Each structure stands twice: as C-alpha cells, then as structure tokens.
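Colleague: using only what follows, build the 3D model:
(chains A and B)
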Amino acid sequence: MNMHFTRRGLMGLGVGAGGAVLLGACGDSGPNDKVTGGGQNAAPAATAYTGPNVALAFWNGFTGGDGPFMKKLVDQFNTEHPNIKVSMNTYQWADYYQKTPAAVATGNGPDVGIMHVDHVSTNAARGVILPLEDLAKALNFKAEDFSPPVWNAGVYNNTRYSIPLDVHPLGFFYNKAVMEKAGLDPEKPPTNNDEYQAALESMKAKGIQGDWVTPFEFTGSMQFQSLLWQFGGNLFDDQGTKALFAEQPGVQALTWMTDHVKNGYSPKNVAQDADLVALRNGKNAFNWNGIWTINTLKEDKNLQWGVAPLPQIGSQKAAWAGSHQFVQFKQKAKDDNKLAAGKVFINWISQHSIEWARGGQVPARAEIRNGADFKALPEQSAIGSQIDDLHFLPPKPGIADVMATVVTSINEAVLGRKEPAKALSDGAAKANQLLEQNAKKYGS
Amino acid sequence: MAAETALSRTPPAQAGEAGAGGRVRRTGPLTAYLFLLPYFVVFATFVLAPAVYGLWISLHDWDYLLPGKPFVGLDNYKALFDSNSAVYSFWWESLTATGIFTLFSVPLLLSIPLLLALLLNRSFKGRTFFRAVYFAPYVLGVAVIGVLWRFVLDPNLGVVNSVLGAIGLPGDTPWTTALPWAWVTLVGVTVWWTLGFNAVIYLAGLQDIPRELYEAARIDGGGKWAEFRHVTLPGLRPVLLFVTVNTVLVSANMFGQSYLITQGAPGTETRTAIMYIAQVGLSDYKMGSAAAMSYLLTACLLVISLIVFRLFKEKDS
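Modeller: Just a heads-up that it's a prediction; the model follows:
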C-alpha cells in the first residue's frame, strides 16, 4: 500500500523537521561560516603520517560495481599504513547528500568522503566541507596534473575544496550486430553528423530505429548538454547568474534530438533505461551513455559492442562528464592528526587510481591517464581521450538544483509535449528564478 | 495488567467503597492519564513538537546549516499564491497532480475492495487462499512494485504492450510517459497494490454485523440488494468512515509510485505534492518554503477530512 511509502516519505520530512529541532539546539556550535567553508583545515599537509594511531571514517556512494574496487584500495591502504585505519561506509548517493550535512551538523560527520563535482560548492557554502588548498600546495598539484576543467571545478570562492579522483564522461556506445544487420561497418562508428545521419538512414531503410532518444536525465539531459556545448552554447553564464541554454545552440541541440523521433530514428515515449535495454536486446544500435555502462555491457557475454568518443555533431568537440572528488568534512573538534592522515589517504588513493580505472572510470590524474596501464583498458581509454573536451557546471552553490529545470525541458520536448524552443525558454525562465533565489540564499 | 483487570471487573462505585474499606485502591483519577502518558510522550516528541517547530520554520528562509535564517513572515506562504514566484507553478502543478490521483484512486479503492470483501466473506472452498492472494501485493514494498511495473509497462519493451500487440490491440500505448496513460498506470498499480488492505478492514467489519439482522431482513422479505442497502452498508458505517478518511489521506500523500514509475514525467505533470515538497526541502534545502507547502497541504487534507466526517454524520441523523 502506498501508506508504506508515504508514511516513510512523511517520516522523512518529520525526521528532517525533528532533526532541525535538535540542530537548532546546538545552532551556535554548528558549522556556520557562511560562504567561507567550514573553517580552518590542519596547517601542514603531509605526504606521510607519523602521528599516533588514528581511525578515519570514509563515506561514499559507490553502491554499484565500483564499490568493490574502492574497498580493495582501502584495504590495501590500511595494510600499508599500520597507524591509519580507514573504514568505508557506502550509501545511495541521494541519501548520502542528505546524510552528510546532517551528520556534520550534529558532530558525527565522516572524516573523508567523495562528492560529485557539482555538489562541492554547495557543500562548501553550507560549511560542510573544509578547504583543501594546503594539500594541493604541499603536493604541488597543478591544473595540468589533472585536466584544467576538472581541476578548476573544485574551486569555490577562490579556495580549493576538493581533489579530483576521476572523471566519468559520456561515451558513444554501439551494438555491432545491429550495425552489421543494416549493412554498416561495425568497426567504423559515425564520427560526425553526416556519417551519423547516413547511418540512421540506412538503419531506417532496414526497419531499425537505430538511436533511441531518452527523455530522462539519465542520459537524455547529458546528451543534450554535450550537444549544446558542441553547438557552441552554454548552460549558464560564467558567474552562474543567468541561464543560457534556451539560446540558439540549445534549440539546435534539442531539435537534433527531437528530430530523431520525428524522422523515425527513435521510437516515441522511450522510458527510463529503455534505450540501453534496447541496445542490449539488439533492438537499438546507438546510445550516448556514461562510462559506467562499460561494466554493464561487459556482463552480456554474447553482446557485440563497442564504445568511442562522442561523434562531433556541432561545430566543436564536447562531452558531458561528472567527476568524483575527495573532500574532508568539518568536525566538531578539530583533530590535526586525523586531518593529516586524511590527506595522506587522499593522496595515496589518487596515486593508485589505476585500480579505480579498472572499475570503469577515467582517472583524473594525468600521469595515470597517460600511463601504459590505462591505455591497456581499451574502453576506458577511448572515452578518456575526450578529457580536454569536457565541460562542468559553474561552481555555484545550489547549481545542481537548477539543473532540474533543464531535465524537465528535455523531457517535455522529447516526449512531444512542447516544441524544443518553447520547452527550453520555459525551463530557462524557471532556472533564472532559481538562480536568483540561490544568489539571495547563499549571498553571492 | 492487574490494574486493567480491576478496571474491567469492578464498577467504579464499588472500587471507591473497597478503597474506603482499607483495600489498596487500584484505580485513581490519574489512572487513565498515566496509561496514556507513554504514548503521549512519544507523540509530543515526534509529532507535536516537530509540527509546531515546522510552523516556525515556515516563517523563515530556513537552511539548517546556514547561520542567517532570516525571518520572512508569511512570505513563504504568499509565494505559493504569487504567480510570479519561483515555486508558484511547480507547487500548483504538483498539488493538481495529487488532486487528480486522489480523485481517481479513492472511489476505486473504496468500491473494489468492498466488492472483494463481500465475495471473500461468503463461504467457499479455498477462501483463505484467495484472501491471502488479494492481500499479497500489499506486503511488497513500493520499490519492488514500482520497478516491477515500470518494466512491465515500458511503452516500447514492456510485456503488457507486447501482449496487447500480439492479440491485435494497439501495442504502443505510452503507459508511463504520456497523459492520461500515466495516470491510468499510477491509479491502476496503486489499486492493485493496496486493495488488499482496505478489503481486510471491510472483511473485519462485515464479520461484526450480527447474523440476526440478515435473518430479520430475509423474514421481512428483503432481497439481496435490500440486505446490502439496509443491513450491510449501515453495519459498515464506522468502518467505512475509517476506510474513506484513511484512503483519502494515503492517496493524497502518494510519493513512491510517481517517483519510481513515471519520475514525474511527462515534464513534471505527475510529480505529486509530496514529491515536490521533498525536493524543495531535502535536496534544495529550502526548508522554510517546503514547510509552508506542507502546512498548506495539511490544511487541505484537514478540510477534506472534516467534510468526510460531516457527510457520515449527516447520514447518521
């Protein structure tokens, strides 16, 4: 009965309110350095930790196939560092982003954690995480050691709050068997719009709807963002004060997607995940999906598939990507030993992130990305080759909330409820209101 | 336990006399309150206090992690009625979604389980088995039924459309991605999932109706319909009141089905009020605004519940 869930939903809200009651009681001791982060971090960042034994709590949202790879790394770290004991806790990402601020506010926050890059500035502004400027300095990290867009995405208000672990871009997945059936060369996926349209046309001639367009966030809105950047557009202005996605490049990008449905290259009403399921079932040939799809497709032993960088549809190359980044959480009482040990941990995992790449990610660290070990992972390195074409959201607090308006616009247009231009301008109007609300709330 | 037995066995007057006679008094004026106290403490801590605190939150721009929680008076409420505000269209759209869902699911959830209960109340072989069968879906969590139906009803790959197509019916109904089909899906799934609960309550109510009344009806020459109309329905009235109010509240609080099956699509048209409140409060951290919405929703539900109570009362008199 829905009572089960709505009860829980209500209780969730109740807990929220109840939690707020408790938090109100300790309001003064809570993190409250508005827009300056959670306060000071430990002064010197060490590469080796020699202090007394410490235990670190490490939280993340690696609930998928990536979890065991991280667990293995943590175990190896623990064996090599007898005076640091890291224990890992995994939550669903959605829960994680609600739990960590509440845990920090009550003084029970973890020491180290992972955050998606678009959540970093929000959590910095809310005083949940600590600056990591000194770690970057002590280890002499530079933007070139990672990749400038992903490195710069961790800076909020001129202060670094996160160290990149990986990037997870969108890639172009294709079903070779379906391509062959349509007389296409399965080793030559389309790389530009002419080849792309020609391929769609020859599949259509064989009665195959070869490129299912999904109206949902995963991964329809990521495809839209990639196309938007390819056509030279942007989601927001650099200051994150105005939505730009309804301008001409956005309309071009979204129209490219809706034309697929109009021209019969994609069925109407593609439900969540149906695009990828159809590719696995041999009904769909092309799919713009995240790098995490590699492991999903590898489970299908009989599936003939490949992955390539996104084709260039617009005037320039571009791809959507997310990034997992390391953060340190604010504690009630500052413990320099724990902070120092946490930094050792972050640096060590970063250095060993080739293991992490095997879990289906692109390491953020350039030396590892350029190493022979990574090159030996054909799928990962194909997607990883897009590293210089990746775009991230402007580091504004609350920016992830605003993205919901983009998701809704894509959904309305691809499902044929609105024309692309109308869907986008409606979304942009909403987005501007939310940006204004956020600017007021976070005081920037 | 001892006090309880004393309570039920001895009329109060006698207890008083016994007390005067030197025996230990088992019941005092405080007894009832003492028994109620433990529940009240829990209720006050987890319902009353947060509710009052929520009212306070709704008067502020509230993010529990930000130090400035500016007092904004009724601004959060005003924004819900101001068509230029960021929340206005989302809020009313979500409240409309909740309204549509409630309007269609409640009549079905009142009538179908009643018919079912009447059937299951007759004596036939395998009755217990069928009672279990109809109750079974209710045991499943919303995550299970949500994901299950999302795949079964997938417009392009789902088994429902492929069976419909195979027997010559339209096989391309967008069950989860277009209106009005998404509502058909959400209401249908909810009815399938939860009818067992209401049926069990009805069944209990039916078994409480004295047999003699049916005999009397038969002796008076009433047919089946008259029996239902004049014995069954009046006998079920208290149960009916409970089931109606409960079903309205539960439907108005719908969250999981939309969240999992349609994800609010198309656009945000099947996003319910609770879904929107949860998003504003718990992922956008605009708790003041979310609290204001909760209170408005509560007010609506209070009015509806009062109307239902009133209707049943009028029937009584």
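Colleague: next, whatever residue of the stretch 201-350 of chain A ends up closest to chain B: phi, psi?
Modeller: Residue of the stretch 201-350 of chain A nearest chain B, by CB to the nearest CB: A:Asn269 (3.8 Å). C-beta: built from backbone N, CA, C; applies to glycine. Main-chain dihedrals, A:Asn269, degrees, to the nearest 10: phi 50, psi 50.
Colleague: just list the residues touching A:Gly240, thanks.
Modeller: A:393-396, A:399, A:435 (CB atoms under 8 Å, 6 or more residues apart in numbering or on different chains).
Colleague: widest-spaced pair of those?
Modeller: By the measure CB to CB, A:Pro395 and A:Leu435 form the most distant pair in these, at 13.6 Å.
Colleague: and the contacts of stretch B:202-217?
Modeller: In contact with stretch B:202-217 (CB under 8 Å, 6+ apart) are residues B:113-114, B:116-118, B:120-121, B:131, B:226-227, B:230-232, B:235-236, B:238-240, B:243.
Colleague: those residues, buried ones only, as a PyMOL selection?
Modeller: In PyMOL, this line selects whichever of the contacts of stretch B:202-217 come out buried by 16 or more other CB atoms under 10 Å in any protein chain shown:
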select buried, chain B and resi 113+114+116+117+120+121+131+227+231+232+235+236+239+240+243
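Colleague: let me have the contacts of A:Gly240 in a markdown table, extended by pLDDT, neighbour count and secondary structure.
Modeller: Formatted as a markdown table, those follow (pLDDT from 0 to 100; neighbours: other CB atoms under 10 Å in any protein chain shown; DSSP: H, G, I helix; E, B strand; the rest coil):
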| residue | pLDDT | neighbour count | secondary structure |
| --- | --- | --- | --- |
| A:Leu393 | 86 | 20 | coil |
| A:Pro394 | 85 | 16 | coil |
| A:Pro395 | 87 | 22 | coil |
| A:Lys396 | 89 | 22 | coil |
| A:Ile399 | 91 | 22 | helix |
| A:Leu435 | 94 | 24 | helix |
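Colleague: let me know the closest of these to B:Leu66.
Modeller: Among these, and counting by CB to CB, the member closest to B:Leu66 is A:Lys396, at 15.1 Å.
Colleague: ok, the closest one touching A:Asn438?
Modeller: Yes - counting by CB atoms under 8 Å, A:Asn438 is a contact partner of A:Lys396 at 6.9 Å.
Colleague: so what's residue 110 scoring on pLDDT?
Modeller: With no chain named, the answer covers chain A. In the predicted model, A:Pro110 carries a pLDDT score of 96.
Colleague: let's do chain B instead
Modeller: 96.
Colleague: what does the stretch 51-200 of chain B put close to chain A?
Modeller: Contact residues (CB under 8 Å from any CB of the partner chain) of the stretch 51-200 of chain B with chain A: B:51, B:53-54, B:57, B:61-68, B:85-86, B:89-90, B:138, B:141-142, B:150, B:154-158, B:172, B:174, B:176-178, B:190, B:193-194, B:196-197.
Colleague: mind doing that once more with 6 Å?
Modeller: Contact residues (CB under 6 Å from any CB of the partner chain) of the stretch 51-200 of chain B with chain A: B:53-54, B:64-67, B:86, B:138, B:142, B:154-157, B:174, B:176-177, B:190, B:194, B:197.
Colleague: in chain B, what helix or strand scores lowest on average pLDDT?
Modeller: helix B:2-9 (a mean of 42; mean pLDDT, DSSP states H and E).
Colleague: thinking again about what came up before, what about the contacts of stretch B:202-217, which are in helices?
Modeller: B:113-114, B:116-118, B:120-121, B:131, B:226-227, B:235-236, B:238-240, B:243 (DSSP state H).
Colleague: farthest-separated two in the residues you listed?
Modeller: Maximum pairwise distance among these (CB to CB): 26.8 Å, between B:Arg131 and B:Ala226.
Colleague: now do stretch B:160-179: distance to the chain's middle.
Modeller: 30 Å (CA atoms, centre = their mean, to the nearest Å).
Colleague: mind listing residues that contact it?
Modeller: Residues from elsewhere that reach stretch B:160-179 (CB atoms under 6 Å, 6 or more residues apart in numbering or on different chains): A:269, A:271, A:415, B:152-153, B:155, B:181-182, B:185, B:261-262, B:265-266.
Colleague: point me to the residue of the stretch 301-444 of chain A nearest chain B.
Modeller: A:Gln433 (3.7 Å).
Colleague: likewise for the stretch 51-200 of chain A?
Modeller: Closest contact between the stretch 51-200 of chain A and chain B, by CB to the nearest CB, is at A:Arg126 (4.2 Å).
Colleague: look through chain A and tell me its longest strand.
Modeller: strand A:163-175 (DSSP state E).
Colleague: could you point out which element follows that strand?
Modeller: Once strand A:163-175 ends, the next helix or strand along the chain (criterion: DSSP states H and E) is helix A:176-181.
Colleague: list the buried residues for that next one?
Modeller: Neighbour-count burial for helix A:176-181 flags A:176, A:178-179, A:181 (criterion: 16+ other CB under 10 Å).
Colleague: the stretch 301-444 of chain A: strands as residue ranges?
Modeller: A:305-308, A:319-328, A:362-363, A:390-391 (DSSP state E, counting those that start in this stretch).
Colleague: and the stretch 301-444 of chain A, which of its residues are near chain B?
Modeller: Neighbours of chain B within the stretch 301-444 of chain A, by CB under 6 Å from any CB: A:401, A:408, A:411-412, A:415, A:417, A:433-434, A:437.
Colleague: tell me which entries of these lie within helices.
Modeller: A:401, A:408, A:411-412, A:433-434, A:437.
Colleague: for the buried ones among these, write the corresponding ChimeraX selection.
Modeller: Here is the ChimeraX command that selects the buried residues among those (16+ other CB under 10 Å):
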select /A:401,408,411,412,433,434,437
